[in-house]
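Novice: structure for the following, please:
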Amino acid sequence: MQEAKQIFKKNKYNNEVLRKNYITALKDKKVLELRKRINASDEILEKHVPNLIDSAIQFDNCLNCKGLQNCKNEIQGYCYYPKEENNTITFSYVACKYKNNELKKDKYKENIDLYNVPTSIKNACMKDLYTDDKSRIEPIKYINNYYNTYNTNRQKGLYLYGNFGSGKTYIIAALLNEFAKKDIKSAIIYFPEFLRTLKESFSNDENISYSEKYEYIKKIPILLIDDIGAENVTSWGRDEILGTILQYRMDENLPTFFTSNLSLEELETHLSNTNKTIDKVKARRIIERIKYLSTEMKMIGVNRRWKTY
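Specialist: From the prediction side, this is the model:
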């Protein structure tokens, strides 16, 4: 086959040589097997002998392949394959069945948007959640029940608070991943950084970017506000951003979850203190909205930040 490719390159404009090289190539079982699967005429194919030979080698690899880990092709999971279009042949890389299964398996992750949250959180899985700490049992029961009754009995979300690194975000992210597999969209925002990026886009006159981020988060079907209470409190962030997001989600009955190191009582104290004033009334309004949207639950456990969950 390599000899046929070399001859073709030297004489590619000679029709007789084209036909001769094509016939020579067909003597190879790999090329002949591929030819049987192509609807194009010999007149078209004989102009593409080198590509046809390369494609035949890769196609033969695919016929005998047992999985992605055994792939012998130039690009793992893809075959250089011909396609007939408008009386000509084009060659392109096409995903094999194993690659398609892998892509399909991970496609659900596109239904979860992360804002300043590690992408590894998309691998959180409910079946892998550990219940070795007693404080984890009730939150895990809650999200399992939430998932099982989502379509029949819309419950409140969860306000899950506890010590740093105990796995609060991971547990709720596992629930969101299960919903993602059902094509239900959600978002996870690391609240302190989300506020900062919103403020930056606003102050830089990027009003379109600011508006798009804000509106998208406000209206997303399921939302997790991660690490609320770790932000620097300003009246703008508390009242104009957090307050209006929560009010909209209350009015539209949109599932909303929270994680924090603070209890709701502690969060109320935190939200009442801005850099300039103390406003207990406005802080109380935020807490009432959170209570409307979620059930408060405490989870204290070992730091799992560098461990599996």
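Novice: and the strand or helix carrying S135, what does it pack onto?
Specialist: Per DSSP states H and E: S135 is located in helix 134-148. Helices and strands touching helix 134-148, as assessed by 3 or more C-beta pairs under 8 Å, 6 or more residues apart in numbering; DSSP states H and E, comprise strand 157-161, helix 168-181, strand 294-298. C-betas here are computed from N, CA, C, even on glycine.
Novice: which positions within that helix qualify as buried?
Specialist: For helix 134-148, the buried set under the neighbour-count rule, 16 or more other C-beta atoms under 10 Å, comprises R136, P139, I140, Y142, I143, Y146, Y147.
Novice: the second one touches L160, doesn't it?
Specialist: Spelled out, it's P139. Yes: the pair P139 and L160 qualifies as a contact (C-beta atoms under 8 Å) at a distance of 5.7 Å.
Novice: now do the shared contacts for those two.
Specialist: K168, I171, M297, M299 (C-beta atoms under 8 Å, 6 or more residues apart in numbering).
Novice: now stretch 288-304: average pLDDT?
Specialist: Summarised as a single mean, pLDDT over stretch 288-304 is 87.
Novice: restricting to C-alpha, output that stretch in CSV.
Specialist: Provided in CSV are the C-alpha atoms of stretch 288-304 (Å, rounded to 0.1, in the frame of the first residue of the first chain):
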residue,chain,number,x,y,z
GLU,A,288,-36.7,35.5,55.9
ARG,A,289,-36.2,34.9,52.2
ILE,A,290,-33.6,32.2,52.8
LYS,A,291,-36.0,30.5,55.3
TYR,A,292,-38.8,30.6,52.8
LEU,A,293,-36.6,29.0,50.2
SER,A,294,-34.7,26.4,52.3
THR,A,295,-34.6,24.2,55.3
GLU,A,296,-31.7,24.9,57.7
MET,A,297,-29.5,21.9,58.6
LYS,A,298,-26.2,21.6,60.4
MET,A,299,-23.4,19.4,59.3
ILE,A,300,-20.2,19.1,61.3
GLY,A,301,-17.5,16.7,60.3
VAL,A,302,-13.9,16.0,59.4
ASN,A,303,-12.2,18.2,56.8
ARG,A,304,-12.6,16.2,53.5
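Novice: tell me which element E215 falls in.
Specialist: Short version, using DSSP H and E: E215 is in helix 207-219.
Novice: in the stretch 51-200 of the chain, which spans are strands?
Specialist: 78-85, 88-95, 112-115, 157-161, 186-190 (DSSP state E, counting those that start in this stretch).
Novice: redo these as a markdown table? Include mean neighbour count.
Specialist: Formatted as a markdown table, those follow (neighbours: other C-beta atoms under 10 Å):
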| stretch | mean neighbour count |
| --- | --- |
| strand 78-85 | 17 |
| strand 88-95 | 14 |
| strand 112-115 | 19 |
| strand 157-161 | 25 |
| strand 186-190 | 23 |
